[in-house]
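Enquirer: Got a predicted model here, sequence first, then my questions.
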There are 2 protein chains.
Amino acid sequence: MSRQPDESRRSERARQAIHAATAELLASTSYDAITIEKIAAQAGVGKQTIYRWWPSKAAIIVDVWAEVIAPRAAFPDTGDLEADLRAQLTRMLDVLVEPVLGLNYMAVIADSQRDERLAADLSARIFAPRIADTKDRLRLAQAAGQMRDDVDVDTVADLLYGGIFFRSLFRLVPLDRTQPDALVAALIRGIGPLR
Amino acid sequence: MSRQPDESRRSERARQAIHAATAELLASTSYDAITIEKIAAQAGVGKQTIYRWWPSKAAIIVDVWAEVIAPRAAFPDTGDLEADLRAQLTRMLDVLVEPVLGLNYMAVIADSQRDERLAADLSARIFAPRIADTKDRLRLAQAAGQMRDDVDVDTVADLLYGGIFFRSLFRLVPLDRTQPDALVAALIRGIGPLR
DNA sequence: ACAACGAGACGGCCCGTCTCGTCTTGGCAT
DNA sequence: ATGCCAAGACGAGACGGGCCGTCTCGTTGT
């Protein structure tokens, strides 16, 4: 039943043209207005060539992002946990506040809510690596006595990233570049009364 | 330029039929498979009647939810901040873990990323009231000395709700009903070393 | 040679608008 | 109050349009 195309005969030229066309559209066009037909036209490629190698437009976008942003990740480790967390969240927020890109970013996440394959792809290639890095950094902090070791690193990751994404999701409050400072400070010191 | 229909002549029968049909579809059908044409057919209503009163299918859904869940909200206040936050987050998680409803819930949030009017509607009628309640409860806690008063309640709300939604969003880890306990405990006590 | 390629035709689904003819409603005259 | 009437909402569904995903075509490249 496998109808797999022959990977070894794949056209590198077409692949790059599709990536380039998608990147261009991503920077200039809203997610909804990006269609596979437009990508194909802009890349000078047949639609079938796209459908042969990708299951959806979002998968192409994830592919493009994975190639672009994978290298420039790397969680900072200056020895100062609070500063490092702040730096990492700020970096993430920088993407989200980008006018077109930030919205398209959220739109892909949105689409992943209805497409399980996309969700798996997006998690595995974009988020999981960063979150794994974050957890590694947190464990280092625990080992260095900068963080209690009776708290679960998964919980901390949820709080940190969730705190950042929550405002992007619901837009009750405009995004604010001082937000990471406040989030990290509250989380590290705790909100309970001073002991 | 206003092409507003006459609200006073609106058919209550049609409104209820549309609400009922939407509620039925929401419980049984994935968000993508819910179409305005299906709602109209199921309700025994002309498409135009829907388009006359709602801008999108998601708006109908928000309308239905607002009517159903508005009454049963009310933030708990037992005097114990930690228990109250835990209870509130658990309540929210209960909706998200619901198999069909939870997915449709996230799908509407997803759609709101591409539709500004929907985002405003969803925020105003579903989220903003709950978050406002949460902030009120937090301010009470501050006044009662159960919470530091040098932390911003907005930041705390972001951390709490973000922490819950984050796992639903990315599904890196399965949803877990013990999550609220861990989130609240970590946030109240802080993750920094004991002083 | 064979399979991927560019190009584009094709049927299908749903969109949002538009016409019908019918039914309901609120305002007005009696 | 009661009956009449015009306005407009109603159910039904036709319509053009956009994009989907599949399917031919020759053509190209390996």
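Expert: Great, that's in hand. Residues are numbered from 1 along each chain as shown, chains lettered A, B, ... in the order given.
Enquirer: do the lowest-mean-pLDDT helix or strand in chain A and chain B meet?
Expert: Least confident helix or strand, chain A: helix A:99-112 with a mean of 91, by mean pLDDT, DSSP states H and E. Yes - residues of helix A:99-112 contacting chain B under C-beta under 8 Å from any C-beta of the partner chain: A:L103, A:M106, A:A107, A:I109, A:A110, A:D111, A:S112. (Glycine included, C-beta is placed from N, CA and C.)
Enquirer: In contact with the first one, which residues?
Expert: To tie it back to what came earlier, the one meant is A:L103. Shown in contact with A:L103 (C-beta atoms under 8 Å, 6 or more residues apart in numbering or on different chains): A:S30, A:Y31, B:Q113.
Enquirer: ok, the residue of chain A found nearest chain B - how many residues close by?
Expert: Per C-beta to the nearest C-beta, the residue of chain A with the smallest distance to chain B is A:G190, at 2.3 Å. A:G190 is flanked by 21 other residues according to other C-beta atoms under 10 Å in any protein chain shown.
Enquirer: how about the nearest residue to it, chain neighbours excluded?
Expert: Excluding the flanking residues, the one nearest A:G190 by C-beta to C-beta, 6 or more residues apart in numbering or on different chains is B:G190, at 2.3 Å.
Enquirer: Quick one, which of the contacts of A:L103 are buried?
Expert: The neighbour-count test (16 or more other C-beta atoms under 10 Å in any protein chain shown) marks A:Y31, B:Q113 as buried among the contacts of A:L103.
Enquirer: which of the contacts of A:L103 lies closest to DNA strand C?
Expert: A:S30 (14.5 Å; C-beta to the nearest atom of the strand).
Enquirer: Could you measure from the closest one over to B:V108?
Expert: Counting by C-beta to C-beta, to the nearest Å, the separation of A:S30 from B:V108 is 19 Å.
Enquirer: what does A:D77 give?
Expert: According to C-beta to C-beta, A:D77 stands 39 Å off from B:V108.
Enquirer: In terms of neighbours, single out the busier of these two.
Expert: Comparing A:D77 with B:V108 by other C-beta under 10 Å, the one with more neighbours is B:V108, at 21 against 13.
Enquirer: Count the residues that sit near A:G145.
Expert: 9.
Enquirer: In contact with the residue nearest to A:G190, which residues are there?
Expert: A:R148, A:L187, A:I188, A:R189, A:G190, A:I191, A:G192.
Enquirer: mind putting those in CSV, distance to DNA strand D included?
Expert: Formatted as CSV, the contacts of B:G190 follow (distance: C-beta to the nearest atom of the strand, whole Å):
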residue, distance to DNA strand D
A:R148, 48
A:L187, 41
A:I188, 45
A:R189, 48
A:G190, 47
A:I191, 46
A:G192, 50
